[in-house]
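> here is the input, now give the coordinates:
(chains A and B)
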Amino acid sequence: MPSLKDLKNRIESVKSTRKITKAMQMVAAAKLRRAQEAAEMSRPYTERFNAVMSNLAASVGGSDSAPRLLSGTGSDKVQLLIVMTSERGLCGGFNANIAKKAKTHAKKLLAEGKEVKILTVGKKGRDQLKREYSKHFVGHVDLTEVKRVGYADAQGIAKDILARFDAGEFDVATIFYAKFENVVSQIPTAQQIIPADFEEPEADEASTLFDYEPDEEAILADLLPRGVATQIFSALLENGASEQGARMSAMDNATRNAGEMIEDLTIEYNRSRQAVITNELIEIISGAEAL
Amino acid sequence: MADTVQFDLVSPERLLASAQVTSVQIPGADGDMTAMAGHAPTITTLRPGVLSVEGPDGASEYVVTGGFAEISADSISVLAERAIAKGDMTREHHEAMVKEAEEALSRAKETFDNEPGPVDDAAKLLADMVAVGDHISV
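Residues are numbered from 1 along each chain as shown, chains lettered A, B, ... in the order given. This is a model prediction of the structure:
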């Protein structure tokens, strides 16, 4: 039976924990709004970019001279997994879910006898994958210092990946991130970025015949590397929104749990206090009777 | 008043401009072009340069680098990797851009020793960047 003093201390400590989780929840909510805005701002660019790219890819894709970023190296032996996670913890299952998705994918590829290389963005994912796959690691991108993810960050990552691709280090690249659905659900997603994988353009849209300046292939060769950066950028933004959403609901739960715990502890505290008073009364009364 | 056409300037981070305009001068990779309403559908890549827009509400200019423009009869969309309104362009911005292009050139020189293609491209990029500076007189 804990003493009254112990109980009081525990209630105090849970109360201060609740204050912290509550504050974190509110901070996450504010950050989430900003992250969502950033994701929304980037949408027009991404959508149009992909529309033009899929048109171009459809018209050039069939030819033998198509760029390697589009047609691939003709092999899928070496696979690069780019695992994007957050730099901070305390966001529920966010990082674990992405890491799990990447692990299942890696396991499947290894079972098929393929070579797996892993590049991590964000240190939480690196920590989780390190245990099993440390010998597959080829690099890590640190975004700890970055307050607001900008396009330049995505370009940096894309440059790194493209340099590796040009050096023939891998054949297929897939990014792993969490797609932001809403505050309570973020869907871990795998998306292949090299060779580029575009949706087929819709039939009625493809009917506009464009003049290309310079020719289609030159444009495609110029735009494909930018496409990689664009996809990474939108994945980073989605991930940012997802992280804040996950943290917000995790902290909301924590705040609620702390509240319940305080209630339980308070009841226990009151009961023991009552018990102590009753005991004292009994002692006084029996003492008085003995006289 | 001449016919107007819907003009959008988007960078990955945000939508910079969206308005009805009469003409847009685009720094295309193969040379500048001016697009007006009823232009033939064209897609062109951009070189670093100044994009000038003329509309019923006045003219505006933007410094753009890398990306492409999609022109059709009733809309012009410019997707630029970096786009800055000319008024917001400072000497620091420009110096950073020139420095970046210089680095790209020296890198290209290192990696492609005997291939003129990439080195020339990088040199052209640098020249374009410098020319942008002259144009906006920073």
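
> tell me where the chain has strands.
No chain specified, so I'll use chain A. Secondary structure of chain A, counting by DSSP state E: strands at A:78-84, A:115-121, A:137-141, A:172-180, A:186-194, A:211-213.

> oops, wrong one, chain B.
Using DSSP E, strands in chain B cover B:5-10, B:15-21, B:23-28, B:31-36, B:42-45, B:49-55, B:58-72, B:75-85.

> could you dump these to a markdown table with mean pLDDT and distance to chain A?
From N, CA and C alone the C-beta is placed, and that goes for glycine too. Output for the strands of chain B, formatted as a markdown table (pLDDT from 0 to 100; distance: least, Cβ to the nearest Cβ, whole Å):
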| stretch | mean pLDDT | distance to chain A |
| --- | --- | --- |
| strand B:5-10 | 91 | 5 |
| strand B:15-21 | 89 | 5 |
| strand B:23-28 | 90 | 6 |
| strand B:31-36 | 89 | 8 |
| strand B:42-45 | 89 | 4 |
| strand B:49-55 | 88 | 15 |
| strand B:58-72 | 87 | 6 |
| strand B:75-85 | 88 | 6 |
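
> out of those, which gets nearest to residue A:48?
Of all the strands of chain B, strand B:75-85 sits nearest to residue A:48, with 5.8 Å by Cβ to Cβ.

> and the closest one with strand B:49-55, angle?
For strand B:75-85 against strand B:49-55, the angle by axes from the mean of the first three to the mean of the last three Cα atoms, to 10 degrees is 120 degrees.

> what residues of strand B:75-85 count as buried?
Of all the residues in strand B:75-85, those buried under the rule 16 or more other Cβ atoms under 10 Å in any protein chain shown are B:76, B:77, B:78, B:79, B:80, B:81, B:82, B:83, B:84.

> domains in chain B, as residue ranges please.
Structural domains assigned to chain B are B:5-87, B:90-136, following automatic domain parsing.

> and the stretch 1-150 of chain A, which residues reach chain B?
A:38, A:41, A:42, A:44, A:45, A:46, A:48, A:49, A:52, A:56, A:150 (Cβ under 8 Å from any Cβ of the partner chain).

> can I get the strands of chain A in TSV with distance to residue B:93 and mean pLDDT?
Formatted as TSV, those follow (distance: least, Cβ to Cβ, whole Å; pLDDT from 0 to 100):
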stretch	distance to residue B:93	mean pLDDT
strand A:78-84	29	92
strand A:115-121	27	91
strand A:137-141	25	88
strand A:172-180	30	92
strand A:186-194	30	90
strand A:211-213	28	82
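
> residue B:41: which of these is closest?
Going by Cβ to Cβ, the one of the strands of chain A nearest residue B:41 is strand A:211-213, 6.5 Å.

> return the set of buried residues in that closest one.
Of the residues in strand A:211-213, A:212, A:213 count as buried by neighbour count, 16+ other Cβ under 10 Å.

> hmm, that strand touching chain B?
Yes: counting by Cβ under 8 Å from any Cβ, chain B has neighbours in strand A:211-213: A:211, A:212, A:213.
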